[in-house]
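**Student:** pasting the sequence and the predicted model now:
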Amino acid sequence: MRSSFITQFWRLAFVTAAVFALAMATLPITDILGDPPDALLHIIAFLVLTALAKLAFPLVRARSLLLGLGALGAAIECIQAIPAVGRDASPTDWLADMVAIGLGIGIFRAGRWLVVNQDLNRDQGLQ
């Protein structure tokens, strides 16, 4: 029961973050404190989305995650290409999304490797 609640929590958090990212992409450009580069905002957003997706859907393969979140990034850029939206589409932003997704997946893999190896070392009495 507890596991199901936690999974549902992460899924709700992921969907909320994805909808928020999509909504922010369709709004006119607003000033953000410090005026950070757009690619940095994309990297932060997609690192968060990747982390939430890994927590919400832990059994989904990395390739599927990369394709799904990459499609979301591409959709955001397509929406921003619509003149009525008043934003500019950029392949560089999509590339930043893909780098962030790959980095997020890599961080989760490294974390899993550390946990597994720590458990193995403990089981073998190496600590």
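**Tutor:** Yep, that arrived.

**Student:** which secondary structure state is assigned to residue 87?
**Tutor:** coil (DSSP: H, G, I helix; E, B strand; the rest coil).

**Student:** tell me how many other residues crowd the closest residue in space to residue 11 that isn't next to it in sequence.
**Tutor:** Using Cβ to Cβ, 6 or more residues apart in numbering and skipping the chain neighbours, the partner closest in space to residue 11 is residue 56 (4.3 Å). Using the backbone N, CA and C atoms, a C-beta is placed for each residue, glycine as well. Close neighbours of residue 56, defined as other Cβ atoms under 10 Å, add up to 19.

**Student:** residue 56 contacts residue 14, correct?
**Tutor:** Yes - here residue 56 reaches residue 14: they are 4.2 Å apart, a contact under Cβ atoms under 8 Å.

**Student:** any low-confidence regions in this structure?
**Tutor:** Scanning the chain for pLDDT under 70 picks out the ranges 1-2, 30-33, 119-127.

**Student:** tell me how far residue 37 lies from residue 61.
**Tutor:** As judged by Cβ to Cβ, to the nearest Å, residue 37 and residue 61 stand 31 Å apart.

**Student:** tell me the contacts of residue 26?
**Tutor:** Residues in contact with residue 26 (Cβ atoms under 8 Å, 6 or more residues apart in numbering) are 79-80, 85, 87.
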